[in-house]
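# take this sequence and fold it.
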Amino acid sequence: MRRAVCPGSFDPVTLGHLDVISRAARIFDEVVVAVGVNVSKSRLFSPDERLEMLRRACADLPNVRIEGFTGLLTTFCAEHDVAAIVKGLRSGTDYEYELQMAQMNAHLTGVETVFVPTSPQWSFVASSLVKEVAAFGGDVSALLPAFVHEQLMTRLAERATP
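Down below sits the predicted model:
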């Protein structure tokens, strides 16, 4: 079985993320969406919330499963018999950063990285940008699954309430 991992923080999961995940699911027998849990980083959504959003968003992809992880991605890959890391690329800047990471991962464990160019309609979408635009009242509903948009707006309203 050819297993791949799509890692990320997914805070929150966007349609750009789901595009890359669904395309990876067509290439590999199994795709593990690995949600990074780093307690030193401040996230809008908790690890459990992010895992649940992804489970819901990927429910129609039978060969995709969702798991959290801490520590090195390469350790996760070794423990789960992962053949490849799938990374979406939005721009040349992403490539430069991800290439260095891919080379380090290959050096550490031999796991290969597969780069998937982001579909043009999602090439500008980043979770951080979505959160920022939404916090200032911009409409980001077309960039997220409807239930994720609802959760995002609820969380931002909670944070805005003194």
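# now residue 152: which helix or strand?
Element membership of residue 152, judged by DSSP states H and E, is helix 146-160.
# could you dump that helix to CSV, C-alpha only?
This file holds the C-alpha atoms of helix 146-160, laid out as CSV (Å, rounded to 0.1, in the frame of the first residue of the first chain):
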residue,chain,number,x,y,z
ALA,A,146,-19.7,26.2,5.1
PHE,A,147,-19.5,24.6,8.5
VAL,A,148,-15.9,25.8,8.9
HIS,A,149,-16.9,29.3,8.0
GLU,A,150,-19.7,29.2,10.6
GLN,A,151,-17.2,28.0,13.3
LEU,A,152,-14.7,30.7,12.3
MET,A,153,-17.2,33.5,12.5
THR,A,154,-18.4,32.2,15.9
ARG,A,155,-14.9,32.0,17.3
LEU,A,156,-14.0,35.4,16.0
ALA,A,157,-17.1,36.8,17.6
GLU,A,158,-16.2,35.1,20.9
ARG,A,159,-12.8,36.7,20.8
ALA,A,160,-14.2,40.2,20.0
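# now what about it, what contacts it?
Defining contact as C-beta atoms under 8 Å, 6 or more residues apart in numbering, one finds that helix 146-160 is touched by 12-14, 44-45, 49, 53, 56-57, 130-131, 134-135, 140-141, 144. In short, each C-beta sits where N, CA and C put it, glycine included.
# quick one: which two of those are the most distant?
The distance between the two most remote of the contacts of helix 146-160 (C-beta to C-beta) is 22.9 Å, for 56 and 135.
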